[in-house]
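model the following, please.
(one chain, ligands or ions: 1)
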Amino acid sequence: MDDTSKRLFTQARQVIPGGVNSPVRACRNVDSSPLFIAKAAGCRLTDADDREYIDFVLSWGAMLLGHAEPSVSAALRAAVDRGTSYGAPCRDEVALAEEIHAALPGVEMVRMVNSGTEAAMSALRLARAVTGRDKIVKFIGCYHGHADPFLAAAGSGVSTFSIPGTPGVPAAVTADTMLVPYNDIRAAEACFVTHGGQTAAVIAEPVAGNMGLVPPVPGFLEALRSLTRTHGALLIFDEVITGFRVAYGGAQTRFGIDPDLTVLGKIIGGGLPVGAFGGKKRYMEQLAPEGQVYQAGTLSGNPLAMAAGLATLRKLKTLNYNAIEERTRAFAAELGQIMRSRGAAVQTPSLASMFGIFFSEKKIRNLEDIKQCNQALFTSFYNQMRAQGIYIAPSAFETGMVSFAHTDGDFAKTLDAARAVRF
Ligand SMILES: *Cc1c(COP(=O)(O)O)cnc(C)c1O
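Okay, here's the model as predicted:
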């Protein structure tokens, strides 16, 4: 039934490693193979075999408005006719920077880049430069893109010096990355007792979205803010997912925490390749050409990406975030109810327009808890939902995403599919 996708995948594997340009897409974790997508509109994807799916991945969160939103498409079409890259400043870069600055209290200045990876990498360089320190604290299970210093494997213990999480990363590069369990205030404090004087920054997803959905426990973000302040380290919020999603003003607005630097991506590009990092003026002004910290990009501030991002933010500003949060909560709760009534031990937490599917009864606070979840049940659920036209992320370590384009009918159809799942 997925004949064309299967054929394209076979072809792809000859010329693209693993047949995909980003590993999770391969669907190996769930004993499946990828769907090749031909087109998308609203919350629907259409695959190469002309089968339609309700999309809860949304380009990993980027498409909060849904696909091919008319105002974004119109802005893009107009931008194409003005040329696709200048390698020189353009008006929309300023407008998008102003929009981000106005929305996020911690972002006094912002620089555009081309991916979240690049943004996180550059924010880290800046934090190290302004503090003159090398060590960073990273939380186990948080993802900050694939730059070397962030590819530290899950080690345990507070001051564990990590080993590389992948071949090709020199041990020296991750030697300064200290790993702490998410939501573990004690462990973060202990880390600062030992290494506070050498720590440049703490980087965190303020709501973890790359190990499933894990909200911060009360006091966690506050503790990170006060620890970093006390020890002269910077607090970096990686809001690549949460920015413009958990609130228009991101997690920093929702939780009332003022980070020193913020990493952005996904939604701010409206579906085009983009990232950005920003923060306090006194730090951002140390970037070249104002300051000494080098950072650059041929396609940074690309006019197409700026046009799509700007149209996206302008549209989002008019929409009701409380309403999408309530609809997501009700949907996730019913999804959990249905699965439990069918005998599955599962929990489906939600926050804003994000939800998690954890096949476990244990309270979920960090990656260790998530590793205890029943992977076989997830795989079975994934494949049965996909066969019924429901597209969820092909990994138990990802977060469900809802868009403003999902209707009550889409939720009802998804819940009906869940009712037909055999555990
Ligand atoms: C997706 C993501 C990144 C990486 O962004 P890319 O554009 O894929 O490089 C970084 N941080 C977080 C929190 C993300 O979810």
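
can you pull the buried residues of stretch 382-400?
Going by neighbour count (16 or more other Cβ atoms under 10 Å), the buried part of stretch 382-400 is 382-386, 388-400. Any C-beta I mention is one placed from the backbone N, CA and C, and that applies to glycine too.

just the ones of those residues in strands?
Under the assignment DSSP state E, the buried residues of stretch 382-400 contribute I390, Y391, G400 to strands.

among those, which one lies nearest to the ligand?
Sorting these by distance to the ligand puts G400 at the head of the list, at 13.8 Å, by Cβ to the nearest ligand atom.

what's the closest non-adjacent residue to that closest one?
Of all residues not flanking G400 in the chain, F355 sits nearest, at 4.2 Å (Cβ to Cβ, 6 or more residues apart in numbering).

measure the one you found to the ligand for me?
Relative to the ligand, F355 is positioned 16 Å away (criterion: Cβ to the nearest ligand atom, to the nearest Å).

which single residue in the stretch 301-423 of the chain comes nearest to the ligand?
Here the stretch 301-423 of the chain gets closest to the ligand at one residue, T399, 8.8 Å apart by Cβ to the nearest ligand atom.

swap in the stretch 101-250 of the chain?
Of all residues in the stretch 101-250 of the chain, the one sitting closest to the ligand is G116 (2.2 Å; Cβ to the nearest ligand atom).

how about that residue, nearest residue that isn't a chain neighbour?
Distances taken as Cβ to Cβ, 6+ apart put G265 closest to G116, at 3.2 Å, once the chain neighbours are dropped.

give the bridge partners for the one you found, please.
Beta bridges link G265 to G275 when assigned by DSSP bridges.

is it true that it touches S122?
No. Applying Cβ atoms under 8 Å as the test, G265 and S122 come out as separate, 11.8 Å apart.

of these two, who's got more company?
Neighbour comparison, G265 and S122: the larger count goes to G265, with 28 against 24 (by other Cβ atoms under 10 Å).

and the more buried one, how far from the ligand?
Counting by Cβ to the nearest ligand atom, the separation of G265 from the ligand is 5 Å.

and that residue, what's its pLDDT?
Note for G265: predicted pLDDT of 98.

could you pull up the residues touching it?
For G265, the contact set (Cβ atoms under 8 Å, 6 or more residues apart in numbering) comprises S115, G116, A119, V240, G243, V274, G275, A276.

of those, which pair is most distant in space?
Based on Cβ to Cβ, the longest span within the contacts of G265 runs between S115 and G243 and measures 14.1 Å.

ok, the residue nearest to L319 when sequence neighbours are not counted to M63 distance?
Take L319 and drop its neighbours on the chain: the residue closest to it by Cβ to Cβ, 6+ apart is F404, 5.5 Å away. Going from F404 to M63 by Cβ to Cβ, to the nearest Å gives 10 Å.

likewise M401?
Distance, M401 to M63, using Cβ to Cβ: 8 Å.

tell me the mean pLDDT for the host helix or strand of A376?
A376 belongs to helix 375-387 when elements are defined using DSSP states H and E. Helix 375-387 shows a mean pLDDT of 97.

can you list the low-confidence ranges for the stretch 301-423 of the chain?
Screening the stretch 301-423 of the chain residue by residue with the criterion pLDDT under 70, one finds no matching range.

where along it do the helices fall?
Remark: helices of the stretch 301-423 of the chain, listed N- to C-terminal, are 303-316, 321-341, 367-371, 375-387, 408-419; assignment by DSSP state H, counting those that start in this stretch.

ok, P170 touching L151?
No. Because the distance of 10.9 Å does not satisfy Cβ under 8 Å, P170 is recorded as not touching L151.

what about the two, which has more around it?
Shown here are P170 and L151; by other Cβ under 10 Å, L151 has more neighbours (20 against 9).

tell me which parts of the stretch 201-350 of the chain are close to the ligand?
Residues of the stretch 201-350 of the chain lying close to the ligand (Cβ under 6 Å from any ligand atom) are E205, G209, N210, D238, V240, I241, G265, G275.
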